[in-house]
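Colleague: coordinates for the following, if possible.
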Amino acid sequence: MNTSTTSPSPAEALRDVMIQQIQTAGHASNQAVELALRAIPRHRFVPDATVKDAYAEGTVVTKRADDGTVLSCASAPIIVAMMLDQLDIQPGDRVLEIGAGTGYNAALMAHITGPAGHVTTVDIDSEVTAGARAALDTTGYEAVTVITRDGALGDDENAPYDRIIFTVGPWDIPAAIVNQLAPGGRLVIPLRWRGEARSVGFVRDGDLLRSETIELCGFVPMIGQKGEHTASIDPDELVSLVWDQDQAIDPAPARRRP
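Modeller: The predicted structure is shown next:
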């Protein structure tokens with residue numbers, strides 16, 4: 001009697017290692033998140049990266065400005081899984097994502113919510129949305145809606161949403177987004193306090209948002225929101241001061257030598 005086994009492909013083997021690292025860090029505790037991570041070929045969403053880099057722990061930069069500033073990237077897999085745990089998507093949920101990125105996160109969410117639900121992803125950059133649209137189409141997630149628009153506006157035409165997630169870093173929660181979240185719905189959003197970002201999981205309770213989870217993270221700042229300022233305060237530019245736009249701070253005196 002002949003028996004044979006099929007060895008996993010290099011991508012599948014690397015995906016298994018990625019998931020093991022995520023779970024060792026305490027994330028993908030939600031089985032639906034784990035199954036989505038196993039099902040979605042991350043490397044197909046970052047075609048310019050090597051397969052090894054696609055499944056590595058770090059981010060994969062997909063677009064930079066002329067000065068080198070990162071404009072779009074595929075978030076580190078650990079952060080992706082952490083935020084999906086916070087979002088707690090249920091089958092049949094309607095989900096809105098602000099920050100289309102590569103389309104990978106939208107595909108994960110579409111896998112979790114299933115055919116009875118729907119995912120919409122919004123981004124202000126038409127080049128980013130075109131890339132996300134192409135990747136979603138080629139991987140079988142044509143049903144995801146991709147919209148080019150200022151993410152602060154959300155998607156009022158198809159609201160309310162059971163789940164809303166930001167994969168870019170805003171200075172504050174846009175008012176339009178709160179109005180598009182269904183009662184009892186969840187919002188996961190990375191907010192910055194004094195130069196450090198935290199992913200906050202909120203639940204809508206009437207007119208209030210109540211935080212349930214807070215995790216450290218880091219994200220590309222949201223285009224169009226200039227709420228946080230930073231400036232060097234020493235001649236060698238080794239020390240920076242970070243403050244919000246509603247704080248009347250002038251860093252100039254701190255730059256003066258004694």
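
Colleague: tell me the mean pLDDT for the longest strand seen in the chain?
Modeller: Under DSSP state E, the strand in the chain containing the largest number of residues is strand 181-193. Taken as a whole, strand 181-193 has an average pLDDT of 93.

Colleague: adjacent strands (with direction) for it?
Modeller: Sheet partners assigned to strand 181-193 using DSSP bridges are listed as strand 161-166 (parallel), strand 196-205 (antiparallel).

Colleague: tell me the gap between the shortest one and the middle of its chain.
Modeller: Taking the mean of its C-alpha atoms, strand 161-166 sits 11 Å from the chain's own mean (Cα atoms, centre = their mean, to the nearest Å).

Colleague: what's near enough to touch residue 202?
Modeller: Going by Cβ atoms under 8 Å, 6 or more residues apart in numbering, residue 202 touches 186, 187, 188, 189, 209, 210, 211, 212. C-beta here means a position set from N, CA and C on the backbone, and glycine is covered the same way.

Colleague: mind pulling up the pLDDT for it?
Modeller: For residue 202, the predicted pLDDT is 98.

Colleague: identify the bridge partners of it.
Modeller: For residue 202, the beta-bridge partners are residue 187, residue 211 (DSSP bridges).

Colleague: which one of the contacts of residue 202 sits closest to residue 56?
Modeller: residue 188 (23.5 Å; Cβ to Cβ).

Colleague: please identify the deepest-packed of the strands paired with strand 181-193.
Modeller: strand 161-166 (a mean of 25; mean count of other Cβ atoms under 10 Å).

Colleague: all strands for the stretch 1-150 of the chain, in order.
Modeller: Counting by DSSP state E, counting those that start in this stretch, the stretch 1-150 of the chain has strands at residues 60-64, 70-74, 94-98, 118-123, 145-148.

Colleague: include mean pLDDT, distance to residue 180 and mean neighbour count when you put those into a markdown table, please.
Modeller: Formatted as a markdown table, the strands of the stretch 1-150 of the chain follow (pLDDT from 0 to 100; distance: least, Cβ to Cβ, whole Å; neighbours: other Cβ atoms under 10 Å):
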| stretch | mean pLDDT | distance to residue 180 | mean neighbour count |
| --- | --- | --- | --- |
| strand 60-64 | 79 | 27 | 18 |
| strand 70-74 | 74 | 23 | 18 |
| strand 94-98 | 98 | 7 | 26 |
| strand 118-123 | 97 | 10 | 25 |
| strand 145-148 | 98 | 13 | 18 |
